[in-house]
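Visitor: Structure, please.
(4 chains)
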4 protein chains.
Amino acid sequence: MVMFYLGNVLKLSLFGSSHGESVGSLVDGFPVGYKIPLDYIQKYMEYRRPGNTIITSQRKEEDVVKIISGMHNGFTDGSPITMIIENKNVISSYYEELKENPRPGHSDYTLYVKYGDFRNYEGGGFLSGRMTAPLVAAGALAKSYLDSLGIKITSYMKSIGEVTCDEIRGDPYNFETRIPDPEKNSLATSLLVDIMKSGDSIGGRIDTIVEGLPPGVGEPFFNSVESEISRAMFSIPAVKAIEFGDGFTLSKMKGSEANDPFTVLDGHILTKTNHNGGILGGMTTGMPVKFSIAVKPTPSIHKKQDTINLISKEKSEITVKGRHDPCVAIRAVPVVECLTAFVLMDLMMMGGFIDRYGNVRGRSLL
Amino acid sequence: MVMFYLGNVLKLSLFGSSHGESVGSLVDGFPVGYKIPLDYIQKYMEYRRPGNTIITSQRKEEDVVKIISGMHNGFTDGSPITMIIENKNVISSYYEELKENPRPGHSDYTLYVKYGDFRNYEGGGFLSGRMTAPLVAAGALAKSYLDSLGIKITSYMKSIGEVTCDEIRGDPYNFETRIPDPEKNSLATSLLVDIMKSGDSIGGRIDTIVEGLPPGVGEPFFNSVESEISRAMFSIPAVKAIEFGDGFTLSKMKGSEANDPFTVLDGHILTKTNHNGGILGGMTTGMPVKFSIAVKPTPSIHKKQDTINLISKEKSEITVKGRHDPCVAIRAVPVVECLTAFVLMDLMMMGGFIDRYGNVRGRSLL
Amino acid sequence: MVMFYLGNVLKLSLFGSSHGESVGSLVDGFPVGYKIPLDYIQKYMEYRRPGNTIITSQRKEEDVVKIISGMHNGFTDGSPITMIIENKNVISSYYEELKENPRPGHSDYTLYVKYGDFRNYEGGGFLSGRMTAPLVAAGALAKSYLDSLGIKITSYMKSIGEVTCDEIRGDPYNFETRIPDPEKNSLATSLLVDIMKSGDSIGGRIDTIVEGLPPGVGEPFFNSVESEISRAMFSIPAVKAIEFGDGFTLSKMKGSEANDPFTVLDGHILTKTNHNGGILGGMTTGMPVKFSIAVKPTPSIHKKQDTINLISKEKSEITVKGRHDPCVAIRAVPVVECLTAFVLMDLMMMGGFIDRYGNVRGRSLL
Amino acid sequence: MVMFYLGNVLKLSLFGSSHGESVGSLVDGFPVGYKIPLDYIQKYMEYRRPGNTIITSQRKEEDVVKIISGMHNGFTDGSPITMIIENKNVISSYYEELKENPRPGHSDYTLYVKYGDFRNYEGGGFLSGRMTAPLVAAGALAKSYLDSLGIKITSYMKSIGEVTCDEIRGDPYNFETRIPDPEKNSLATSLLVDIMKSGDSIGGRIDTIVEGLPPGVGEPFFNSVESEISRAMFSIPAVKAIEFGDGFTLSKMKGSEANDPFTVLDGHILTKTNHNGGILGGMTTGMPVKFSIAVKPTPSIHKKQDTINLISKEKSEITVKGRHDPCVAIRAVPVVECLTAFVLMDLMMMGGFIDRYGNVRGRSLL
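Guide: As a prediction, the model looks like this:
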């Protein structure tokens, strides 16, 4: 019966829906006395915003984050932080057809099953990708905090369809496909233009690297780093898989290959390799934390698809109208990055690395 | 600061450690008036138990589950159910060397970083694979309940190293490798014997299929079926990846390929394909729920490995002694199966499909 | 680290502060498909509102509740319900003096100790009586739901100073002192006018009766009816005591006097007396639930009081300016009534009497 | 659906029942590396134990606390601490008559309504006073920790019937009635002997004083010191009222009387009086925290009482057999003391005064 809650010590609640008047998030437990970096948050809102490149949905949303509580004279005051983002440019008429004819691959059908006639169906209601806007707002706040501790989180498109990024060659946000390689970005852009023309969509893979985390972040078992990150990632619509370190490849390796030998460098204990993605026993080792997620193709496509009519229970067809991203994964990049920050900050607070009064403690014994 | 807790309505706490006197679990919120099937639970304890096949660890543990609370005249009485499993056959001397020299790929090092001199280091302490025994006990209780509702959960080894199961040909528990195919089981057994001889270990992949779930199980966002299952799976030691439905393959597919078209069969709404693994918008569609996990090779191997000495901070070497499984994934099969049952039962209670008084309601609108 | 959260299944978060732009509440877990009775909620906002009688604070606030999420076409849609009430008529200049000189009996000092320079001090910040406005909004929603089940909650002023109500003679909200007796209301009004003239304030006692609850509401131990109601009541600023049934008098009674004998009436099991206030073992018996709370006098008074200067740590004096109620208990009446509704609805949902899909079940065995 | 849980950061779960094989508690979140003082815990078990004075129940229980998890080499290891106390000297035959004929004033009836035929009815099952044994065990652990910080908690019988303690004249545990005054103790003992002879019981009032708490403990609103203490106190069977500071008397006082003026003593900010019981805005002021609770008379009395037969629904009579305390409040004294310690330690951890790694920080700004 607990819904829409993320976090253990630093807590996030989401509210709103895609076609209501606004969406928002409520963040509880954030350290007192932190100057809220509105520009930083707004920058990430821009990264996520539709309509900011030719290959993303052409809706024009001005996603201005308004903080209506938890801030006093610009600083956090210890009470819950409420962030609100208005919905503009909403066109509900597109959705009347969908009310009876669920889009394949979309949550229309499961929303109907669960909430019946009272469901909030326009644009996916509260299951819409629109809900990632408040996720980014809350996560960007956490990300700015981790930045100040020297913890760097980078997410980028590892691949779109068959176009794969082999090396990071710049800031992902300087590339419209978020593939940080000029050549691959061009290839992917061409691919996406073709996909759009054909009325179809395509999936993608997002990689994330976290550098600068102290060892010992994460709690045993159900609050392990992997448990907490995966739980958060699968809350992002369209994410269908996650792997940490070498992930599925580890299932084919031998122990002598997969174990990362320990070594010492400048008095710090490290591992020579990082097949385990910086996590052992659910806790960080001090090596970079690495994980990949798979994002399925946008389910809303302009091609004709088979569906059923929910009222008549007879076969039906649907051709989705409206504005949709050819590759929804691209806009998920800042969502993954910010949400990762939120989860890691929660785990750091849970583990006593950061407290509610803004004290940061080096808990490492090393 | 909340540790060792899983579940929202049906709740699980773990306690104990591998070399203490016992391990156990406390289950809260289970329906009242359910006859606890001790034999069924014990059967799953046997499936997980070390020493029950030639290719698993030769420790002899008698994992008898003793229920010390929550049961009255054999039935659940509405109060928390405490299950205790004694630790026998414990040899701590093996672990003295490990106290200063952490095993690569194991949690020895992160436990040291987090808990320092007070850590419970023998055999991994409370991060040991031994903790999966109470997970199985609690999960088997939930699994028996879902069985009674016609919900069938099957986990099996999809692959060990390069040996892959293409078709399920029998009950996985009739095969010592849990690969349910006589031929592949033989191949994998030979592989494991070789691995053991070489003092090494190997990883594996476990597939799970859940049939008979009603549509609408799972809650939006942070309590989606994927979020909850992944959180639980990553609490199992050595799990490093998970994918639902076609998983990572979806990241290379087009929307027109990945979307599962709806159809009607005997008045039931189904999808023609099941690329999404029976989950849309985080909720079940009524199609089988499918997911795969990657289990890394057992980190404790008999080969010499590089490590560091935690006291001197100088390079060191370690050759792990003791009894360890060549492929820890095999023993994880019943853990995955039972833990999946626990998570799904929690989500069904959360969603009103089952209540605390044992009422089961068909919530489907169809 | 969890703050501002109330409830187990039906959950409430508060946000905002008295001198920010708004206050609000977020209600999660409310049944789907319930028509939100905006007029009913607004009516309770009026009962709580300052400036609506001559003997309450003369601030003019228009406490219009705006629902920005969780409602679709006027009905609850299963997602969190966000209610916002704007702050108007805010005068911060009154509070500069208080910044350094904490008011005796008020939270100025403890806020300073806890949050230091980052505290939100104007008007008590997020510890203000203003925060009871969103409590009423959320609670009134729950109260309307219980009304529809025939559960009737009545709170009223049992006493103001030495003026005591011996019998309920009308709707408490028809009397400006909320003492539902014309004669006693007049006496209390005169008393309050005198109190106001003298620049002082006075305490009061609020009694609550809940009729129509089924037996069996409440959970063992930490979620007993008494535990849950008391926890909520003490969150209302200025509440300092609570007693259920005969309360403190029970501490002087004999078992043969205090035990309520069981009897049968029209096939229903009742108790002949109700010394236990309708609660045994933390669960409702089916008899009316009765409790009383003590509200201390408004700490902000116009008389000169001794304090200390927080900066110089030297003795100081303060004469509070601004508009304050002579008896803050009067405005707490609807807060107690609505918050009681919220707590009881949560317990009913927790106990399976009401589910998230609006099903109401008679769980009584009798 | 969450049951039997207390605490936010330091968490307590209870399990077992009065006539099962054991009762126990699971404590999660306790600081790592604390030497568990078994003797100290056992001492409090003795204080609570029945049969240790002539005026308490003559059952002989050896309440030995056995710690089966969370302890490594005598120190807390960071994992959940499981404490088990075996039930001995259990006589179930007494309870067969009660199965159909609920005792007035007891939870027999509400247990029946809630759990029906599956209820654990012998001796109150999991609603028995026996469950306070694990409460004491867990609370004594917390109390020893607070002792080490110089925080002193003292609970004692303030009154039994009309015998009232005016001054504390010794350690309450040196007096069999827990009234810390030789003369009043004698009076109360005589009273209790008479009560026992007449087959009746009597209520009592327990006062608690906490000295040495830093200012700023407690969280706004729902986790205020009053909210948290009251929630815990009402989980103790037979508690029916609580007041903080001057409590109900405050409801008749004027602001100019009730407000505690601030003053400075040796550089510390104090209040001249303490009508508010050391709590303002739900947070500690640094003055002693004071509260009183009312405990009703033991409902199990040897006098004939009216009841109903649950099966026939006809009037019936009952004369309770077995061994029962004439004044159950006496044995509640250590329960109140230890549970208060648990709640305050949780709030101190929540507020950053103590962390999980045993660091104690003076958070006061003064």
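Visitor: From now on I want contacts and neighbour counts done on CA atoms only, so please keep to that.
Guide: Will do.
Visitor: Contacts (any at all) between chain B and stretch A:22-41?
Guide: No: using C-alpha under 8 Å from any C-alpha of the partner chain, stretch A:22-41 stays clear of chain B, with a minimum separation of 12.8 Å.
Visitor: And stretch A:160-175, by the same measure?
Guide: Yes: for stretch A:160-175, a contact with chain B is found by C-alpha under 8 Å from any C-alpha, at A:160-162.
Visitor: List the ones among the residues you listed that fall in strands.
Guide: Among these, the members falling in strands (DSSP state E) are A:I160.
Visitor: Of the residues of stretch A:160-175 next to chain B, which is the most crowded?
Guide: Neighbour counts for the residues of stretch A:160-175 next to chain B, by other C-alpha atoms under 10 Å in any protein chain shown, peak at A:I160, which reaches 31 neighbours.
Visitor: Tell me how many other residues surround the nearest residue to that residue once chain neighbours are set aside.
Guide: Counting by C-alpha to C-alpha, 6 or more residues apart in numbering or on different chains, A:I160 lies nearest to A:G204, which is 4.4 Å off, once chain neighbours are set aside. Close neighbours of A:G204, defined as other C-alpha under 10 Å, add up to 30.
Visitor: and the gap between A:G204 and A:I330?
Guide: Per C-alpha to C-alpha, to the nearest Å, A:G204 is found 8 Å from A:I330.
Visitor: Let's have the residues of stretch A:160-175 next to chain B in a markdown table, adding pLDDT.
Guide: Converted to a markdown table, the residues of stretch A:160-175 next to chain B look like this (pLDDT from 0 to 100):
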| residue | pLDDT |
| --- | --- |
| A:I160 | 97 |
| A:G161 | 93 |
| A:E162 | 94 |
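Visitor: For the residues of stretch A:160-175 next to chain B, give me JSON lines that also has distance to A:S256.
Guide: What follows is the residues of stretch A:160-175 next to chain B, written out as JSON lines (distance: C-alpha to C-alpha, whole Å):
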{"residue": "A:I160", "distance to A:S256": "33"}
{"residue": "A:G161", "distance to A:S256": "33"}
{"residue": "A:E162", "distance to A:S256": "32"}
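Visitor: Can you tell me which of the residues of stretch A:160-175 next to chain B is closest to C:S292?
Guide: For those, the closest approach to C:S292 (C-alpha to C-alpha) belongs to A:I160, at 64.9 Å.
Visitor: what's near enough to touch that closest one?
Guide: By C-alpha atoms under 8 Å, 6 or more residues apart in numbering or on different chains, the contact set of A:I160 is A:188, A:202-205, A:327, B:251-252.
Visitor: A:L14 too?
Guide: A:4-5, A:23-26, A:131, A:134-135, C:80 are the contacts of A:L14 under C-alpha under 8 Å, 6+ apart.
Visitor: if you set the cut-off to 10 Å instead, what comes out?
Guide: By C-alpha atoms under 10 Å, 6 or more residues apart in numbering or on different chains, the residues touching A:L14 are A:3-6, A:23-27, A:82-83, A:126, A:131-135, A:138, B:221-222, C:26, C:69, C:79-80.
Visitor: got the residues of chain A near chain D?
Guide: Proximity of chain A to chain D (C-alpha under 10 Å from any C-alpha of the partner chain) is limited to residues A:1, A:8-9, A:78-79, A:220, A:350-352, A:355-357, A:359, A:363.
Visitor: Among those residues, which lie within helices?
Guide: Counted as lying in helices by DSSP state H, out of the residues of chain A next to chain D, are A:M350.
Visitor: Of the residues of chain A next to chain D, which count as buried by neighbour count?
Guide: A:1, A:8-9, A:78-79, A:220, A:350-352, A:355-357, A:363 (16 or more other C-alpha atoms under 10 Å in any protein chain shown).
Visitor: Tell me the one among those nearest to C:D39.
Guide: Each of those was scored against C:D39 by C-alpha to C-alpha, and A:M1 proved nearest at 27.4 Å.
Visitor: so where's chain A shaky on pLDDT?
Guide: The model of chain A has pLDDT under 70 over residues A:1-4, A:50-54, A:56-61, A:89-94, A:360-366.
Visitor: Quick one: the helices in it, in order.
Guide: Counting by DSSP H, chain A has these helices, from start to end: A:38-48, A:96-100, A:108-115, A:132-148, A:182-197, A:225-233, A:255-258, A:328-350.
Visitor: Ranking those by mean neighbour count, which comes first?
Guide: Neighbour counts (mean count of other C-alpha atoms under 10 Å in any protein chain shown) averaged over each of those peak at helix A:225-233, with a mean of 28.
Visitor: Which of the residues in stretch A:156-172 are classified as buried?
Guide: By neighbour count on 16+ other C-alpha under 10 Å, the buried set for stretch A:156-172 is A:156-161, A:163-165, A:172.
Visitor: Report the two of those separated the most.
Guide: A:G161 and A:P172 (17.4 Å).
Visitor: Contact partners for A:K152?
Guide: For A:K152, counting by C-alpha under 10 Å, 6+ apart, the contacting residues are A:143-144, A:146, A:209-213, A:288, A:337, A:341.
Visitor: let's see 7 Å
Guide: Counting by C-alpha atoms under 7 Å, 6 or more residues apart in numbering or on different chains, A:K152 makes contact with A:210-212.
Visitor: now the residues you listed as JSON lines including neighbour count?
Guide: Below are the contacts of A:K152 laid out as JSON lines (neighbours: other C-alpha atoms under 10 Å in any protein chain shown):
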{"residue": "A:V210", "neighbour count": "21"}
{"residue": "A:E211", "neighbour count": "17"}
{"residue": "A:G212", "neighbour count": "16"}
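Visitor: right, and A:L111 touches A:R119 too?
Guide: Yes: A:L111 is within contact range of A:R119, at 6.5 Å (criterion: C-alpha atoms under 7 Å).
Visitor: So A:I84 versus D:I195, what's the distance?
Guide: 64 Å.
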